[in-house]
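1. here's my sequence, what's the structure:
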Amino acid sequence: MSKRPAGGTRPAGSYSPGIVAEGRFVYVSGQGPFREGEIVGLTAGEQTRVVLENVAAVLAEAGASLSDVVRPLPARTTVGAVLPRPGMRVEIDCVAVLPDRQGEQ
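-> Next comes the predicted model:
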């Protein structure tokens, strides 16, 4: 998954939007509320919708969907950070497991 996912965001730094490990685990980097490099939405709710669309685009490129996410709510995570752009209120990352495709041909 080295190319930018369709509908997702272009990384602002030298990192990948997501990687597949062990052939089945999809690690999605923190996604922001961006379209064409601009922040979309003013409220946390509006930005969350855009962020989840970007997360879904990265997952789709890997062959997964939001329903395959196995780590949306960590047992305990505390992160203090200054988000990279003024007005950015939300960033979401996740881990998914690719669905079993054994029955497909």
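2. how near is residue 27 to residue 19?
-> For residue 27, the distance to residue 19 (Cβ to Cβ, to the nearest Å) stands at 5 Å. Every C-beta, even on glycine, is put in place using the N, C-alpha and C of the backbone.
3. got the buried residues for the one helix or strand residue 50 maps to?
-> Using DSSP states H and E, residue 50 sits in helix 44-62. Buried residues in helix 44-62, counted by 16 or more other Cβ atoms under 10 Å: 47, 50-59, 61-62.
4. how about the CA coordinates for that helix, as CSV?
-> What follows is helix 44-62, C-alpha atoms only, in CSV (Å, rounded to 0.1, in the frame of the first residue of the first chain):
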residue,chain,number,x,y,z
ALA,A,44,-15.4,17.8,15.7
GLY,A,45,-18.5,15.9,14.4
GLU,A,46,-18.1,17.2,10.9
GLN,A,47,-14.4,16.4,10.9
THR,A,48,-15.0,13.0,12.3
ARG,A,49,-17.2,12.1,9.4
VAL,A,50,-14.5,13.1,6.9
VAL,A,51,-11.8,11.3,8.9
LEU,A,52,-13.8,8.1,8.9
GLU,A,53,-14.2,8.4,5.1
ASN,A,54,-10.5,8.7,4.8
VAL,A,55,-9.9,5.7,7.1
ALA,A,56,-12.4,3.7,5.0
ALA,A,57,-10.5,4.6,1.8
VAL,A,58,-7.2,3.3,3.2
LEU,A,59,-8.9,0.1,4.4
ALA,A,60,-10.6,-0.4,1.0
GLU,A,61,-7.3,-0.1,-0.8
ALA,A,62,-6.0,-3.0,1.4
